[in-house]
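Engineer: Provide a 3D model corresponding to the input given below.
(2 chains)
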Amino acid sequence: MSGTVDIDLINLFFFSVLLVIPVIVLYSWNLLDLGYNAIGSVIRMTVQLLLVGLYLKYLFELNNLWLNLAWLLVMVTVANFSILRGSGLAVMRLFWVTQFSLMLSIISVCLLFLLILVKPVPFMDARYLIPVGGMLLGNVLQGNIRALETFYSQVRANEPRYLSDLLLGATVAEATQPYFRKAVRSSLTPILGSMATLGIVSLPGMMTGQILGGALPLTAAKYQIAIMMAIFLSMICAIGLNLRLSLRVAFDQGGLLKQAIYTRQAE
Amino acid sequence: MISLRKLSVLREGTPVLNNISLDIALGESIALCGPSGCGKSTLLKTLLGGCHWKEGEFLFEGDKVTAATIQKIRKRSGYIGQENALGGVSVLDAIKQPFQFAAHRSRLFPENEMQRLMQMFSLSEELLERKPSSLSGGQQQRVAIIRVLLLKPDMIIADEPTSALDAETRDAVIQEILATGRTVISTSHDPVWLSHCDRVIFMDNGQIMKEERDVRYG
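Structural biologist: Residues are numbered from 1 along each chain as shown, chains lettered A, B, ... in the order given. A predicted model of the protein is given here:
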């Protein structure tokens, strides 16, 4: 399937023994809790990735359209919980808004990516759909956490100004416009910064993976350019939808903010 | 114009306004008076749907007001709050902002009227380029009043509109707000302001205690 040199599990185990070094260093710095945390995270990551590796092996072999979409749905749902928990908002209230925004942006950008660029046969080939969907989702997740967190903390911090605009006849969308702009700016700044330095400061993940897999560097670069644009597209689409649609859930008919959408106390 | 019937507002289960009944006629100016925390500001905000009322009835021009219909009142009113609520990158931006709301977009921004009011309230034009947060409390209050007056609302709801003003500017504000025959509902402890209102309503503990007409203070 690819020209990648396989890693022997025993060698992988020996390599992991090296992690004892940072744990000892952390212990010497009196940061043992961080050391325990690191061990837990590494074990969790190893189990998760091995399981996903095994699962994807079968997913690629079966290559069933519905199974591929179902897996994408699972990934979106897990990302959704992560976004809402990370942004300090009530999962039960905003779940469907975030789910819809993520599904629509990820699936539509993913389909365009495959349709215009890769044109795989079969069209929804798991080998392309799942990794591309996963990469988009990983980036959209970070952007959405930042956008929701910034937007709702800004609305709460500026409540007198929000209320004053609302009582002067503004709609909720109009009165929250300054915080919407701030949230979009803060969530897009990292990806814009990373796009501007990509290839010079760091070799990006997808390109590295493809080069390791035996692809020509120029082919890998073209994939990386395409995926970065796809990430930006899906991010702006998901953030815009998520923020706009959440207004209907987070504010009542009269435009007052429902405090029940927050899970964290105001600072 | 406005009728409140046994209206109550709760905050975290505790009544902030309790059984308020009040009729306000078109063109009437009313001042709410009372100790801090007695519910004056809450009552003002409630009139524009800024607080939820749990019990009672709220009528505007004979129609029952709900959260879904409150926008009708907001479009015809001007709210001057107590807190610093001016946004935007400049003072001019903050003054013009309500004209960008769908509710007021059809109106032309009255540039000349703004200049007249700035002059009347002793604000220099160079202030227009400054950030709203760089203004003093009194300057911010005057800008907030100008912003509302330019909308030419039928009703003004003002929370302590003269609290940070000197006597001369206060008199100018009284002339622009109270002497124009529009409906004004305000909170104030300023004896001069109170003496220009048609009615002064005394509140305590979320309730209306008494009211006086043609009050003369000072």
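Engineer: Below-threshold pLDDT in chain B: ranges please.
Structural biologist: Filtered on pLDDT under 70, chain B yields the residue ranges B:84, B:216-218.
Engineer: near chain A, which residues of it?
Structural biologist: Residues of chain B lying near chain A by C-beta under 8 Å from any C-beta of the partner chain: B:45, B:48-52, B:66-68, B:70-71, B:74-75, B:77-79, B:81, B:83-87, B:97-98, B:100-104, B:147-148, B:151, B:157. Where you see a C-beta, it was placed from the backbone N, CA and C, and this is true even at glycine.
Engineer: which residues sit against the longest helix along chain B?
Structural biologist: Using DSSP state H to define each element, chain B has its longest helix at helix B:137-149. Residues from elsewhere that reach helix B:137-149 (C-beta atoms under 8 Å, 6 or more residues apart in numbering or on different chains): A:168, B:78-81, B:84-86, B:91, B:94-95, B:97-98, B:113-114, B:117-118, B:121-123, B:127, B:132, B:135, B:156, B:158, B:161-166, B:169, B:173, B:176-177.
Engineer: tell me what the helix or strand just after that helix is packed against?
Structural biologist: Once helix B:137-149 ends, the next helix or strand along the chain (criterion: DSSP states H and E) is strand B:155-159. The contact analysis (3 or more C-beta pairs under 8 Å, 6 or more residues apart in numbering or on different chains; DSSP states H and E) places strand B:155-159 against helix B:40-47, strand B:77-80, helix B:137-149, strand B:183-187.
Engineer: list the buried ones in strand B:155-159?
Structural biologist: The neighbour-count check on strand B:155-159 (16 or more other C-beta atoms under 10 Å in any protein chain shown) flags B:155-159 as buried.
Engineer: One more: stretch B:69-83?
Structural biologist: Buried residues in stretch B:69-83 (16+ other C-beta under 10 Å): B:70-71, B:73-82.
Engineer: I'd like those residues laid out as TSV, including distance to A:Ser164.
Structural biologist: Listed next are the buried residues of stretch B:69-83 as TSV, based on distance: C-beta to C-beta, whole Å:
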residue	distance to A:Ser164
B:Ile70	15
B:Gln71	15
B:Ile73	15
B:Arg74	11
B:Lys75	15
B:Arg76	17
B:Ser77	12
B:Gly78	11
B:Tyr79	6
B:Ile80	9
B:Gly81	5
B:Gln82	10
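Engineer: show me where pLDDT drops low in the stretch 151-267 of chain A?
Structural biologist: Applying pLDDT under 70 to the stretch 151-267 of chain A flags residues A:265-267.
Engineer: That one against chain B: which residues are in contact?
Structural biologist: Counting by C-beta under 8 Å from any C-beta, the stretch 151-267 of chain A sits next to chain B at A:158, A:160-161, A:163-171, A:174, A:178, A:252-256.
Engineer: mind running it again at 10 Å?
Structural biologist: A:158-171, A:173-175, A:177-179, A:252-256, A:259 (C-beta under 10 Å from any C-beta of the partner chain).
Engineer: Going by residue numbers, what spans are helices in chain B?
Structural biologist: Under DSSP H, chain B gives helices at B:40-47, B:70-75, B:91-96, B:111-120, B:137-149, B:167-177, B:191-195.
Engineer: right, and those helices - which one's nearest A:Pro190?
Structural biologist: Across the helices of chain B, A:Pro190 has its closest neighbour in helix B:91-96 (28.4 Å, C-beta to C-beta).
Engineer: Please name every helix or strand in contact with that closest one.
Structural biologist: Contact here means 3 or more C-beta pairs under 10 Å, 6 or more residues apart in numbering or on different chains; DSSP states H and E; on that basis helix B:91-96 packs against helix B:111-120, helix B:137-149.
Engineer: The last one to helix B:167-177, inter-axis angle?
Structural biologist: Yep, that's helix B:137-149 we're talking about. Angle, helix B:137-149 to helix B:167-177, by axes from the mean of the first three to the mean of the last three C-alpha atoms, to 10 degrees: 10 degrees.
Engineer: How far off centre is helix B:137-149?
Structural biologist: 11 Å (C-alpha atoms, centre = their mean, to the nearest Å).
Engineer: May I see the buried residues of it?
Structural biologist: Neighbour count says helix B:137-149 has B:138-149 buried, by 16+ other C-beta under 10 Å.
Engineer: Alpha carbons only: can I get that helix in CSV?
Structural biologist: Extracted in CSV, the C-alpha atoms of helix B:137-149 (Å, rounded to 0.1, in the frame of the first residue of the first chain):
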residue,chain,number,x,y,z
GLY,B,137,-17.3,60.0,33.4
GLY,B,138,-19.1,63.3,32.8
GLN,B,139,-18.0,63.4,29.1
GLN,B,140,-19.2,59.8,28.6
GLN,B,141,-22.5,60.6,30.1
ARG,B,142,-23.0,63.6,27.8
VAL,B,143,-22.0,61.6,24.8
ALA,B,144,-24.5,58.8,25.8
ILE,B,145,-27.2,61.5,26.1
ILE,B,146,-26.4,63.0,22.7
ARG,B,147,-26.5,59.5,21.1
VAL,B,148,-30.0,59.0,22.4
LEU,B,149,-31.3,62.5,21.6
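Engineer: Fine by me, thanks again.
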